[in-house]
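Asker: Predicted coordinates and the sequence they were generated for:
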Amino acid sequence: MISINIEKKLKAYSGQQWLKIDHQFADGSITKIYGPSGAGKTTFLKIIAGLVMPEKGIIAVDNTTWLDTSSKISLSPQKRLVGFVFQNYALFPNMTVQEHLEYASNDAQWIQRLLKIGKLETLSDHKPEHLSGGQQQRLAILRAIAIRPKLLLMDEPFSALDSKMKSALIAELKLLFAELKMTVLIVSHSPQELEGVVDGELVINAEE
Amino acid sequence: MDLSPIWLTLKLASITTLLLLLVGLPLAWWLSKGRSIFKIILEAIITMPLVLPPSVLGFYLLIAFSPQHGVGKWLLNTFNIQFVFSFQGLVLASVIYSMPFMIGPIKSALQQLPQSLAQASYTLGKSERETFLRVLLPNIKPSLLTAIVLTFAHTLGEFGVVLMIGGNIPNVTRVASIAVYDSVENMDYGTANVYSLILFIITFVMVIGVFIFNKAHAKSPLE
């Protein structure tokens, strides 16, 4: 069980807004995070990963406290070790597809399996600049999964994929999520996207 | 023809560049993160040699490290080190004088990398040090090369600051730029020309090399 209760001040064009979330995510569940632009969806994921600090809050994962602002506890991102798929992919320009996965994992067999899932086997020696948008996005997903995280945070992870590739990848990923008993949070802009895939939805709206 | 000023200059530039690389990389990285008032003041101090007349910097170094008093006296008595009129004094002055040329390009390049690169590395469990060495540094190679060459070339061209702290001692502090000045003063234009030409060729080849390397790495926005 992942228990989150946070408050974060957001800078908005119209002034100050607050991101307030109090929610529990069951182990192994897949949740869609949905809400208007600027509501703080990406910030929410970054707070969970330890990349952004909220003004106030508690994050507890199973029996471990990741964050408790009142006790000044905050585990580093390295210790939280969540899988994170960035909206802009955040691929390393100096590394090939293979090197990205080797940076995250030492398990050669696991890397081969991931390459097959992402249909990137033939592109393993390509650097990101020589990949299409969809291929880059798949690599970002594979890199995040490569560390076998217990919690996977995905920020609009399928936006650059065509519908055929998207449904094939989602089907493969769903099997993988179940196998690794991963809890997954997926930010999505589209109301219809991920229908039949997710177990629940969390709608985020910034408050004045 | 006495080529010792050229060798001395190359030795000084190499040692200065190496030392600045060791000091400058972590310092530029640290300065690129956040903007505390302390960092702003330190960055202003590092940048001062860009705007100060070299003779002013040389004068203050001469006063600060004079073996007659203060720090200079203490260094001489405690460690038997003398910075005034010595090669190590030239190295110290060059490190201070050329520091902005090493720090500036590296810091700017690090700040221009998307924040998400380092963040992605942290979420993969990598430390800040490993992230710097394996993700950030390889992605600022052109700027790193520019910083190294600028530092080296700038040290080759030093005059005022090395003259103030080092003087003109053959084989010890008489670098090429001082030898050129000295030769002109003695109306020996032939020797001055040889030293000048060698310095010109070395720096020109280096700068051209950087431009070619960076052109290969840069993409036109129209491509």
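Answerer: Looks like it came in fine. Since this is a predicted model, take the numbers as computed values, not measurements.
Asker: Contacts only, for the residue lying closest to B:Val71 once chain neighbours are set aside.
Answerer: Excluding the flanking residues, the one nearest B:Val71 by C-beta to C-beta, 6 or more residues apart in numbering or on different chains is B:Ala64, at 5.8 Å. Just so you know, the C-beta spots here come from the backbone N, C-alpha and C atoms, and that holds for glycine as well. If you count contacts by C-beta atoms under 8 Å, 6 or more residues apart in numbering or on different chains, B:Ala64 has them with B:Gly70, B:Val71, B:Gly72.
Asker: Let's see the pLDDT reported for the last one.
Answerer: Per-residue confidence for B:Gly72 comes out at a pLDDT of 87.
Asker: can I assume it is in contact with B:Thr78?
Answerer: No: with contact defined as C-beta atoms under 8 Å, B:Gly72 does not reach B:Thr78; the gap is 11.1 Å.
Asker: Neighbour count for the two, which is higher?
Answerer: Neighbours per residue, other C-beta atoms under 10 Å in any protein chain shown: of B:Gly72 and B:Thr78, the larger number sits with B:Gly72, 21 against 8.
Asker: distance of the residue nearest to the spatial centre of chain B from A:Tyr13?
Answerer: The residue lying closest to the centre of chain B (C-alpha atoms, centre = their mean) is B:Ser98, at 3.1 Å. Taking C-beta to C-beta, to the nearest Å as the measure, B:Ser98 falls 44 Å from A:Tyr13.
Asker: Now A:Trp18: which helix or strand?
Answerer: strand A:15-25 (DSSP states H and E).
Asker: any idea of the mean pLDDT in that strand?
Answerer: Strand A:15-25 comes out at a mean pLDDT of 90.
Asker: which other helices and strands contact that strand?
Answerer: Secondary-structure packing of strand A:15-25 (3 or more C-beta pairs under 8 Å, 6 or more residues apart in numbering or on different chains; DSSP states H and E): strand A:2-12, helix A:41-49.
Asker: returning to what we had before: tell me the one of the contacts of B:Ala64 nearest chain A?
Answerer: B:Val71 (40.3 Å; C-beta to the nearest C-beta).
Asker: The closest one and B:Leu61 touch, don't they?
Answerer: No: B:Val71 lies out of contact with B:Leu61 (C-beta under 8 Å); the separation is 10.4 Å.
Asker: right, and the helix or strand after the strand holding A:Trp18?
Answerer: By DSSP H and E, the next helix or strand past strand A:15-25 is strand A:30-34.
Asker: who does that next one pair up with?
Answerer: Here strand A:30-34 has these sheet partners by DSSP bridges: strand A:183-188 (parallel), strand A:200-203 (parallel).
Asker: export the ones you listed to a markdown table and tack on mean pLDDT and mean neighbour count?
Answerer: What follows is the strands paired with strand A:30-34, written out as a markdown table (pLDDT from 0 to 100; neighbours: other C-beta atoms under 10 Å in any protein chain shown):
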| stretch | mean pLDDT | mean neighbour count |
| --- | --- | --- |
| strand A:183-188 | 94 | 24 |
| strand A:200-203 | 90 | 13 |
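Asker: Return the residues of chain A in contact with chain B.
Answerer: A:46, A:49-51, A:76-78, A:80-84, A:86, A:88, A:90-94, A:103-104, A:143-144, A:146-147 (C-beta under 8 Å from any C-beta of the partner chain).
Asker: Find the nearest non-adjacent residue to B:Glu130, please.
Answerer: B:Ser121 (7.5 Å).
Asker: pretty sure that neighbour contacts B:Thr131?
Answerer: Yes: if you go by C-beta under 8 Å, B:Ser121 and B:Thr131 touch, sitting 4.0 Å apart.
Asker: can you list the residues of chain B near chain A?
Answerer: Counting by C-beta under 8 Å from any C-beta, the positions of chain B adjacent to chain A are B:114, B:116-117, B:119-127, B:134-135, B:138-139.
Asker: switch the cut-off to 6 Å
Answerer: With C-beta under 6 Å from any C-beta of the partner chain as the criterion, chain B meets chain A at residues B:Ser116, B:Leu117, B:Gln119, B:Ala120, B:Tyr122, B:Thr123, B:Leu124, B:Gly125, B:Val135, B:Pro138, B:Asn139.
Asker: So which of the helices and strands packed on strand A:15-25 is the most surrounded?
Answerer: Among these, helix A:41-49 has the highest mean neighbour count (mean count of other C-beta atoms under 10 Å in any protein chain shown), at a mean of 23.
Asker: Let me see the mean pLDDT of that one.
Answerer: Here the average pLDDT along helix A:41-49 is 96.
Asker: Return the list of helices and strands in contact with it.
Answerer: Packing partners of helix A:41-49 (3 or more C-beta pairs under 6 Å, 6 or more residues apart in numbering or on different chains; DSSP states H and E): strand A:151-155.
Asker: can you count the residues close to B:Met164?
Answerer: 21.
Asker: from memory it sits against B:Leu62, does it?
Answerer: Yes: with contacts defined as C-beta atoms under 6 Å, B:Met164 counts as touching B:Leu62 at a distance of 5.3 Å.
Asker: Look at residue 60 and report its pLDDT.
Answerer: Just going to use chain A. 95.
Asker: nope, chain B
Answerer: For B:Tyr60, the predicted pLDDT is 91.
Asker: what's the answer for A:Asn5, then?
Answerer: 95.
Asker: Excluding covalently adjacent residues, which one is nearest to it?
Answerer: A:Asp22 (4.5 Å).
Asker: Also B:Val23?
Answerer: Distances taken as C-beta to C-beta, 6+ apart place B:Val95 nearest to B:Val23, at 7.4 Å, with adjacent residues excluded.
Asker: Determine the number of other residues adjacent to residue 36.
Answerer: All of this is about chain A. 12.
Asker: looking at chain B here, not the other one
Answerer: Residues near B:Ser36, counting by other C-beta under 10 Å: 9.
Asker: Low-confidence ranges, chain B, go.
Answerer: Scanning chain B for pLDDT under 70 picks out the ranges B:218-223.
Asker: now do 90
Answerer: Applying pLDDT under 90 to chain B flags the ranges B:1-2, B:33-35, B:66-73, B:75-77, B:79-82, B:157, B:167-168, B:171, B:207, B:209-223.
Asker: same thing with chain A?
Answerer: A:1, A:10-17, A:34-39, A:62-63, A:158-172, A:188-201, A:204-208.
Asker: Mind putting the contacts of B:Ala64 into JSON lines with distance to B:Asn193 and secondary structure?
Answerer: Listed next are the contacts of B:Ala64 as JSON lines, based on distance: C-beta to C-beta, whole Å; DSSP: H, G, I helix; E, B strand; the rest coil:
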{"residue": "B:Gly70", "distance to B:Asn193": "42", "secondary structure": "helix"}
{"residue": "B:Val71", "distance to B:Asn193": "40", "secondary structure": "helix"}
{"residue": "B:Gly72", "distance to B:Asn193": "37", "secondary structure": "helix"}
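Asker: Before I go, just wanted to say thanks for your time.
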